[in-house]
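Novice: Okay, here's the prediction I keep looking at, along with the sequence it came from:
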Amino acid sequence: MSYIILAILFMLSGFFMKYSDDLFDEKNDLRFASVFGILCGITSAAATVYSVEAAYIFIAILIGNLIALKVDGIHHIITLIVFVVICLAAGLPQLSLVVLLICILSAFSDEVGHELISKVTQNKFLNLFFEYRFVMKVVICLLAICGVFNILIFVCFILFELSYEAAGVIFKK
């Protein structure tokens, strides 16, 4: 699988993740939120079992959200189950615990900061930084600069984030 296919999987995963959340949170549409959650689980798991770098990112997002108690709907549970079943059935690449912990902490920081920062400060930079969850973006970029990840995985992650935001815009229309 090339980085082009990996980028497509990242983009689809980001889109499906956000669309699933918005369907559940804004429309209370459990059925379609679950369908998009299943699609998110499939695309995230496909990237995870193929690429060790993607595995770090998607496992970190999953664990970071679990620790932050952001798995708050049945659609999230369904997505989680699909992701875990596919990853266990297909097998995960070998991961460095240190790199995984760094990624988990960045994902967790993004989730906590996203919820709390605007409540404790009016600083526009900090509010934008956490509104758009930049901790993990910075960490993935630094890991790429340091040679731990290929720079193309950072590009894939940015595409994931752009697709996530695009899904929110599309949903509102």
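Specialist: Thanks, I have the structure now.

Novice: okay, CA-based contacts and neighbour counts for the rest of this
Specialist: Will do.

Novice: element containing the closest residue to Leu30 other than its chain neighbours, please.
Specialist: Once flanking residues are discounted, Leu30 sits nearest to Phe24: 5.7 Å by C-alpha to C-alpha, 6 or more residues apart in numbering. Using DSSP states H and E, Phe24 maps to helix 3-27.

Novice: Can you name every helix or strand that the worst-scoring helix or strand of the chain on mean pLDDT contacts?
Specialist: The helix or strand of the chain with the lowest confidence, counting by mean pLDDT, DSSP states H and E, is helix 124-131 at a mean of 89. Applying 3 or more C-alpha pairs under 8 Å, 6 or more residues apart in numbering; DSSP states H and E, one finds that helix 124-131 contacts helix 97-120.

Novice: How far off centre is stretch 97-109?
Specialist: Offset of stretch 97-109 from its chain centre (C-alpha atoms, centre = their mean, to the nearest Å): 13 Å.

Novice: Could you do stretch 4-19 as well?
Specialist: In terms of C-alpha atoms, centre = their mean, the centre of stretch 4-19 is set 9 Å apart from its chain centre.

Novice: again, but for stretch 14-31
Specialist: How far stretch 14-31 lies from its chain's middle: 14 Å, per C-alpha atoms, centre = their mean.

Novice: what's the average pLDDT for that stretch?
Specialist: Across stretch 14-31, pLDDT averages out at 95.

Novice: how about low-confidence regions in this protein?
Specialist: 1 (pLDDT under 70).

Novice: Over to the residue lying farthest from the centre of it. Which of the three states is it?
Specialist: What lies farthest from the middle of the chain is Gln122; by C-alpha atoms, centre = their mean that is 26.5 Å. Under the three-state scheme (DSSP: H, G, I helix; E, B strand; the rest coil), Gln122 adopts coil.

Novice: How about Pro93?
Specialist: Per three-state DSSP, Pro93 ends up coil.

Novice: That one is in contact with Ser51, isn't it?
Specialist: Yes - counting by C-alpha atoms under 8 Å, Pro93 touches Ser51, with 7.3 Å between them.

Novice: And the two? Which one has more around it.
Specialist: Neighbours were counted for Pro93 and for Ser51 using other C-alpha atoms under 10 Å; Ser51 has more, 19 against 16.

Novice: quick one: that one from Asn150, how far?
Specialist: Distance of Ser51 to Asn150, given as C-alpha to C-alpha, to the nearest Å: 11 Å.
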